[in-house]
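Peer 1: all I have is the shape, not the residue letters:
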DNA sequence: CGTTGATTTGAGTAAGATCAAGTCGGGTGG
DNA sequence: CCACCCGACTTGATCTTACTCAAATCAACG
């Protein structure tokens, strides 16, 4: 665990996607921070079912939450991008009902286990923000259920790619029309309830149809509108979200 | 809207499934209540995408949350039983990303729109309870994603029936080994990402295998352990949960 | 260069969808 | 009381989407 970076210099906070905070709140958040945690690609950030020790905010990198069946079948629940919180369920429920794994090198802001109840005691505004983040994540998972339950394979893949592209965009990760895209086809398959082989074939159809460019870990979507139509995917404009 | 029933006489609270509250908390919760809302079977409790006005706690009856695609495909996200909270996502996010419909006659305790932020201001304990409920619901939806994404049809149906049976049990709804089971096969299908026809055939296999008895809106599970094995469904013992 | 992980391609199969008729039971109105 | 309606549930036949198995390709890396 590295020493904490002060929140006043947080690279995320200036982004338009995040709502402003008062100086007092920033000070309290900064005070609750106990350090940075760095993880490498593929590392287990939090193990499935473990008793929780920490709550984190993802500062840089990609990760995902997942659950597995005892026979090894894995389902990815959702993806985590900068600004997302992890480990809250472990803090509230006795132990974490899912695992969290890093998709890239990852930098996490770590908070002490008792930071959450402390915020609830002294900082109703921050407490409400934490609850907002929890509700927001549930909304994402609700959308996954809709996809996996009722969309065709083609629709699922298209919707996922659009979704991730937009989230990466609002985290400021677009560079000349492309984003870094660290998922393998296995990750896509496990997130959408598909087999890798079928996922591969669907991706090829999207490529040949000119909807996407995807190679060397970079994704470009030619016509977002068209992709949304393919994926039957519409979402209301993203509200400014709280950070930490 | 009926006049509020005082929370001191709440029929749910004595159940072992719910954690105790202080007298002060009960008084505050009671004060925030604005009334009861009664709905009939099939009624829309909250419409998909509406701006929110109220937050409710389900006092009696069954309901479900759902989302639909514009072409009519519907996905049920999860089922709501007595003690569950509804409408919180609408309160936090600007408008409700899903609909809520009554499966039976339903009795709801209604809270004013500003009750939630008010609790956060004066009652950190209750605020934490609300967040606990949100995290708990997300856990349920995570399990749905796992089912729909990675379980076979047979496993899904078995897991859902066990899950609902246990929840009904902890809400005190078991009568001589059976529970009221208000879902139609269409509801089961829409919750599990299956067609009605296939759902029907799977249910028959379960019946003929002697795993369940299901008729006249009542469900009995002969051997819970065996059904859990069929559904590859295990869950840690339910913790005592907060109410309201 | 050999190894390893990711992607791709082909062939055969199966789980579950769709389509099309039923049946059954509980209202409702004549 | 009875005809009929409607919604839920069944059943059979057929079809398709997506899975499985198997093997080849490819690129990165030590």
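Peer 2: In hand now; what should we look at? Values in this document were obtained by computation on a predicted structure and should not be read as measured data. Numbers count the residues shown, from 1 in each chain, chains lettered A, B, ... in the order given.
Peer 1: quick one, the biggest helix by length in chain A and helix B:124-150 angle?
Peer 2: Selection of the longest helix in chain A by residue count, based on DSSP state H, yields helix A:124-150. Interaxial angle of helix A:124-150 relative to helix B:124-150 (axes from the mean of the first three to the mean of the last three Cα atoms, to 10 degrees): 20 degrees.
Peer 1: chain center to helix A:124-150, what's the gap?
Peer 2: 11 Å (Cα atoms, centre = their mean, to the nearest Å).
Peer 1: surely residue A:75 forms part of a strand?
Peer 2: Yes - counting by DSSP: H, G, I helix; E, B strand; the rest coil, one finds residue A:75 located in a strand.
Peer 1: mean confidence score for stretch A:229-242?
Peer 2: When pLDDT is averaged over stretch A:229-242, the result is 90.
Peer 1: report whether it contacts chain B.
Peer 2: Yes - applying Cβ under 8 Å from any Cβ of the partner chain, one finds stretch A:229-242 in contact with chain B at A:232, A:236, A:239. All C-beta atoms are positioned from the backbone trio N, CA, C, and that covers glycine.
Peer 1: only whichever of these are buried, select them in PyMOL.
Peer 2: Remark: buried members of these, expressed as a PyMOL selection using 16 or more other Cβ atoms under 10 Å in any protein chain shown:
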select buried, chain A and resi 232
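Peer 1: any chance of the residues of stretch A:229-242 next to chain B in CSV, plus secondary structure and distance to residue A:90?
Peer 2: Compiled in CSV, these are given as follows (DSSP: H, G, I helix; E, B strand; the rest coil; distance: Cβ to Cβ, whole Å):
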residue, secondary structure, distance to residue A:90
A:232, coil, 34
A:236, coil, 30
A:239, coil, 26
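Peer 1: off-centre distance for stretch A:217-230?
Peer 2: Counting by Cα atoms, centre = their mean, stretch A:217-230 comes out at 19 Å from the chain centroid.
Peer 1: tell me the span between the first and last residue of it.
Peer 2: End-to-end distance for stretch A:217-230, by Cα to Cα, to the nearest Å: 22 Å.
Peer 1: please identify the buried residues of that stretch?
Peer 2: Across stretch A:217-230, burial judged by 16+ other Cβ under 10 Å covers A:219, A:221, A:227-228, A:230.
Peer 1: and the residue lying closest to residue A:128 once chain neighbours are set aside, helix, strand or coil?
Peer 2: Nearest residue to residue A:128, sequence neighbours excluded (Cβ to Cβ, 6 or more residues apart in numbering or on different chains): residue B:120, at 5.1 Å. In terms of secondary structure, residue B:120 is helix; the call rests on three-state DSSP.
Peer 1: neighbours around residue B:120, how many?
Peer 2: For residue B:120, the neighbour count with other Cβ atoms under 10 Å in any protein chain shown is 22.
Peer 1: again with residue A:240
Peer 2: Residue A:240: 12 neighbours (other Cβ under 10 Å).
Peer 1: surely it is in contact with residue A:21?
Peer 2: No - applying Cβ atoms under 8 Å as the test, residue A:240 and residue A:21 come out as separate, 11.2 Å apart.
Peer 1: just the strands in chain A please.
Peer 2: A:33-39, A:44-46, A:55-60, A:63-68, A:74-80, A:85-86, A:99-102, A:106-111, A:178-180, A:212-215, A:218-221 (DSSP state E).
Peer 1: output those in TSV, with distance to residue A:244 and mean pLDDT appended to each entry.
Peer 2: Compiled in TSV, those are given as follows (distance: least, Cβ to Cβ, whole Å; pLDDT from 0 to 100):
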stretch	distance to residue A:244	mean pLDDT
strand A:33-39	9	94
strand A:44-46	17	95
strand A:55-60	5	96
strand A:63-68	17	97
strand A:74-80	14	98
strand A:85-86	8	96
strand A:99-102	18	96
strand A:106-111	7	96
strand A:178-180	23	95
strand A:212-215	32	93
strand A:218-221	28	96
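Peer 1: adding distance to DNA strand D, write those out as a markdown table.
Peer 2: Formatted as a markdown table, these follow (distance: least, Cβ to the nearest atom of the strand, whole Å):
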| stretch | distance to DNA strand D |
| --- | --- |
| strand A:33-39 | 18 |
| strand A:44-46 | 21 |
| strand A:55-60 | 20 |
| strand A:63-68 | 15 |
| strand A:74-80 | 12 |
| strand A:85-86 | 27 |
| strand A:99-102 | 17 |
| strand A:106-111 | 18 |
| strand A:178-180 | 15 |
| strand A:212-215 | 10 |
| strand A:218-221 | 13 |
